[in-house]
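**Student:** need coordinates for the following:
(2 chains, ligands or ions: 2)
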Amino acid sequence: MNYKLIISIAKSLLKARFRQTMIAAIGVTFSITMFIALLGFMTGLNDLLDGLILNRTPHIRLFNEIKPSVVQPVNLSTAYKGYYHIIHSIKSENSRQDIYNSQAVMQAIKADERVQGFAPKIVTQVFYNDGTVDITGVVNGIDPQAETRLFHFGDYIVSGSVIDMKNISNSIILGKALAERLNANLGDMVQIITVKGDRFPLKLVGLYQSGINDLDKTQGYVYFNTAQKLLGKSNTYFTDIQIKLKDLNEAPAVAKEYAKKFGTQAEDIQTANAQFETGSSVRTIISYSVGITLLIVAGFGIYNILNMMIYEKMDTIAILKATGFSGRDVKAIFIFIALSIGIVGGFLGLIFGFAFSAIIDEIPFHTPSLPTITTYPVNYKAVIYFIATAFSLITTYLAGLFPARKASKVDPVVIIRGK
Amino acid sequence: MNNIILEARHINKYFHDPVTVKVLDDINFIISKEEFVSVVGKSGCGKSTLLYILSTMDTDFEGDVLIDNESLVHKKEIELARIRNEKIGFIFQFHYLINEFTVLKNVMLPGLKLAHFTEKEIEQRAIEKLEMLDIKDLALKMANKLSGGEKQRVAIARALINNPAIIMGDEPTGNLDKKNREIVFDIFKRLANDYQQTLLIVTHDSTLAEISNRSIEMEDGKIIRQ
Ligand SMILES: Nc1ncnc2c1ncn2[C@@H]1O[C@H](COP(=O)(O)OP(=O)(O)O)[C@@H](O)[C@H]1O
Ligand SMILES: [Mg+2]
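**Tutor:** Ligands and ions are numbered 1, 2, ... in the order given. Below is the predicted model of the structure:
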């Protein structure tokens, strides 16, 4: 087929109906703009909400839970082997809370190909003391660098500095709500009483705001070395190992494997946060449905314009056919018209969509629970733009296909006779 | 090789709307190279219907048509379009030009479709045809700005662009005033005499029939004399 000729004919027809084709193109532009803005905003919001929990949650958490031994002495006795064992009030033995042989476990995790990184942690109950008031809380002994790299810890520090907790000995970062309750400012000393009753003064070097207020009312963070000192434990004492995998979806399988291999509890992120997946996928589905509906409506606009154009241009189609253009040529002409409306409209839509997203991105949005967010979240993922482009081409092609088919079937004899 | 350009063999044609009517009844004739043939007959006798069959646009008929010794029966739509493009120049009663194009582009269009020559060459040939028909100065006007007589001359130039084996016309002077009619007669005469162009013209204009080499007379779907 002689595409140059087809295109030049299509262009002339387009020019003759410039106003209508512009309106059809504006329809496409509008729908692509809205599609991109809507999805960019929705995806941004989804990422924000997911990130609120998911970014900070390890894919796998190794820990030891205190629970009764599965194998009780009576099970070992050969004499009662064939009997039912009914034991009341089983007590947990004084088992260790830390991870057994933590250095070796960490070595093994480090060597694992599937692991992106890990951060060891010590979690312990403490009382925060303010004069006569004791507040129950938790101290987390962490490695601030690993924690920031893997779980964005640094993003949630609202004042002070993360690295100070490592560089200044006997220092602590407190949840902002907790610091307010303790009436403590940066640089103040905070008293901590361990479960065993030991009292430690720690210097407040930073404030932490997670976006979940209940958490901020109880949590404090210290360097893991400091935590080991608080508890009077050795420098291999860790209660948790938090692991981030390269592929989140592998978490359940790897967790199972580790639980067996290291003899610890291993909780995967899917089990820990089952409800999050559904929330974000529902939001995504809704935004895609709205966006695609917009595109389909624009498709009908193109369909109408083309139908009208074909009705008006019956004579032209008849002449083309009588002088040797085939049905395929005529079809190609009208498909080209539809596609050029789609391409021009779609391209402008991409630009306006990006601009619109950028405007939304500048609108201030402050919420106390999200200290790092100052404007509405917008996502500029290429895949949104890709889908918008693909859909604008597909819908305009389909919208053009039916009128173009009709045009290709026009019988020139009917038109020529009809006069 | 013989000299036959067009041959109609036992053509029958029916219309089924509203009742089945036989509009063409066993049409047989031969047109040889360089002949100027006219088809005459009363209105409604089936002249146009016959011409649409001969020009490959109507495929719903019985019998066979050979153009340049090539049968049209069982040809695909795209092959028929190609035969139409290459072998046939068609002139309508109403001056069918494409209004969105200039005169020059209208004339060039079948040539561009055939693509035997480059665009430049086709343009050159189109200008020659316009010159031959004395309308070269209209070349860059838009088609819808022309008078009826001018349009018909442009249509003739368009029909000539691919040097067709045969030019077919369906009452090409039917819609023209006396002066323009004479201009068109004159063009046909020149095409036949000076350029040895084969012509098949349907008409009920007796003058046109007189200037042709041969007249085929039809009545009620049959040929009564040829
Ligand atoms: N599409 C059609 N359906 C039914 N009858 C038709 C159709 N087209 C033409 N006819 C009939 O066929 C006959 C021949 O018509 P036509 O070939 O146009 O005659 P002419 O060109 O000689 O005036 C006429 O009686 C006309 O009414
Ligand atoms: Mg007629």
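**Student:** can I get stretch A:312-322 in PDB, CA atoms only?
**Tutor:** What follows is stretch A:312-322, C-alpha atoms only, in PDB (Å, rounded to 0.1, in the frame of the first residue of the first chain):
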ATOM      1  CA  GLU A 312     -20.400  13.700   4.300                       C
ATOM      2  CA  LYS A 313     -17.600  12.300   2.200                       C
ATOM      3  CA  MET A 314     -19.500   9.600   0.400                       C
ATOM      4  CA  ASP A 315     -18.800  11.300  -2.900                       C
ATOM      5  CA  THR A 316     -15.100  11.400  -2.300                       C
ATOM      6  CA  ILE A 317     -15.100   7.700  -1.300                       C
ATOM      7  CA  ALA A 318     -17.000   6.800  -4.500                       C
ATOM      8  CA  ILE A 319     -14.600   8.800  -6.700                       C
ATOM      9  CA  LEU A 320     -11.600   7.200  -5.000                       C
ATOM     10  CA  LYS A 321     -13.000   3.800  -5.600                       C
ATOM     11  CA  ALA A 322     -14.100   4.500  -9.100                       C
END
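**Student:** outside of that stretch, which residues touch it?
**Tutor:** A:9, A:13, A:17, A:310, A:327, A:329-330, A:333, A:407, A:410, A:412, A:415-416, B:55, B:57, B:81, B:84, B:90, B:92, B:96-100, B:109 (Cβ atoms under 8 Å, 6 or more residues apart in numbering or on different chains). Any C-beta I mention is one placed from the backbone N, CA and C, and that applies to glycine too.
**Student:** could you rerun that using 6 Å?
**Tutor:** A:330, A:407, A:410, A:412, A:415-416, B:90, B:96, B:98 (Cβ atoms under 6 Å, 6 or more residues apart in numbering or on different chains).
**Student:** stretch A:231-244 now?
**Tutor:** Against stretch A:231-244 from outside (Cβ under 6 Å, 6+ apart): A:58-63, A:97-99, A:102-103, A:115-123, A:150, A:228.
**Student:** now a ChimeraX select for only the buried ones of the residues you listed.
**Tutor:** Selecting only the buried entries of the contacts of stretch A:231-244 in ChimeraX, with 16 or more other Cβ atoms under 10 Å in any protein chain shown as the criterion:
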select /A:58,59,60,61,62,63,97,98,99,102,115,117,118,119,120,121,122,123,150,228
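**Student:** domain assignment for chain A?
**Tutor:** A:3-54+A:276-418, A:60-65+A:94-272 (automatic domain parsing).
**Student:** neighbours around the closest residue to ligand 1 within the stretch 201-350 of chain A, how many?
**Tutor:** Closest to ligand 1 within the stretch 201-350 of chain A is A:Ala318: 14.6 Å, counting by Cβ to the nearest ligand atom. A:Ala318 has 23 neighbours, counted by other Cβ atoms under 10 Å in any protein chain shown.
**Student:** return the distance of the helix or strand harbouring it from the chain's centre.
**Tutor:** Following DSSP states H and E, the helix or strand that holds A:Ala318 is helix A:314-322. Helix A:314-322 sits 55 Å away from the centroid of its parent chain (Cα atoms, centre = their mean, to the nearest Å).
**Student:** what mean pLDDT does it have?
**Tutor:** For helix A:314-322, mean pLDDT is 91.
**Student:** return the set of buried residues in that helix.
**Tutor:** For helix A:314-322, by 16+ other Cβ under 10 Å, it's A:315-322.
**Student:** surely A:Asp50 meets A:Ser280?
**Tutor:** Yes: look at A:Asp50 against A:Ser280 with Cβ atoms under 6 Å: they come within range, at 5.5 Å.
**Student:** ok, B:His74 - contacts?
**Tutor:** For B:His74, the contact set (Cβ under 6 Å, 6+ apart) is empty.
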